[in-house]
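Chemist: return a 3D structure for these sequence lines:
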Amino acid sequence: MKDREMTRTGISIAALELAFFAASSSFASAQDAAPNPKQDMEIVLQNFSFTPSMLHLQRNTTYTLHLTNRATGGHTFSAPELFGAVTVPPQESAKITGGKIEVPAGQTVDVTFTPIKAGTYRIVCSHFLHSTMGMHGEAIVE
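Modeler: Below is the predicted model:
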């Protein structure tokens, strides 16, 4: 009788260990899949540069870009491939037209998104010759 009880106890402990392992594994997987906290990034647009011109972003991290135009004329933050590799909340999507954001002179436009695809993406001002004059950069999503 004692052998049977020991066997049942051993099976019960093994079942509990297995259940604990399964629960902790799915908790870890849920944490890996969950987005990281939101981060803010200030990007200054001026004649003729983006500062910073190099953005380092992480997949599954939500960012709010504060695009501030300190120039007397308009500029764009044009990154069609980048905007194709992110998720954008519905209320933010109207700010992005044709893969670019217009930032009027002296104004700030905020846009929130979450990168989902790793890669290196070009950023330019799409106004005539602005990119040629140095208004370009890139975003690296890891």
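Chemist: put the alpha carbons of stretch 75-89 into CSV.
Modeler: These are the backbone C-alpha positions of stretch 75-89, laid out as CSV (Å, rounded to 0.1, in the frame of the first residue of the first chain):
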residue,chain,number,x,y,z
HIS,A,75,9.5,70.1,-44.6
THR,A,76,8.5,66.5,-44.8
PHE,A,77,9.6,63.4,-42.9
SER,A,78,9.3,61.0,-45.7
ALA,A,79,10.0,57.3,-45.0
PRO,A,80,7.5,55.1,-47.0
GLU,A,81,9.4,51.8,-46.3
LEU,A,82,9.6,52.5,-42.6
PHE,A,83,5.9,53.4,-42.3
GLY,A,84,5.2,50.2,-44.2
ALA,A,85,7.1,48.2,-41.5
VAL,A,86,5.2,49.6,-38.5
THR,A,87,1.8,49.5,-36.9
VAL,A,88,0.1,52.9,-36.5
PRO,A,89,-2.9,53.5,-34.2
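Chemist: can you point out the buried residues in that stretch?
Modeler: Buried positions in stretch 75-89, judged by neighbour count with 16 or more other C-beta atoms under 10 Å: H75, T76, F77, S78, A79, P80, L82, F83, A85, V86. Quick note: C-beta positions are derived from backbone N, CA and C, even for glycine.
Chemist: run through this structure and note the low-pLDDT ranges.
Modeler: 1-36 (pLDDT under 70).
Chemist: now the strands for it?
Modeler: Listed in chain order, the strands found in the chain under DSSP state E are 36-46, 49-51, 54-57, 61-69, 75-78, 86-87, 100-103, 108-115, 119-124, 136-141.
Chemist: same for the first one, what does it pack against?
Modeler: Contact partners of strand 36-46 among helices and strands, from 3 or more C-beta pairs under 8 Å, 6 or more residues apart in numbering; DSSP states H and E: strand 49-51, strand 61-69, strand 75-78.
Chemist: quick one, which of the ones you listed is nearest to D40?
Modeler: Nearest to D40 among the helices and strands packed on strand 36-46 is strand 61-69; the distance by C-beta to C-beta comes to 5.0 Å.
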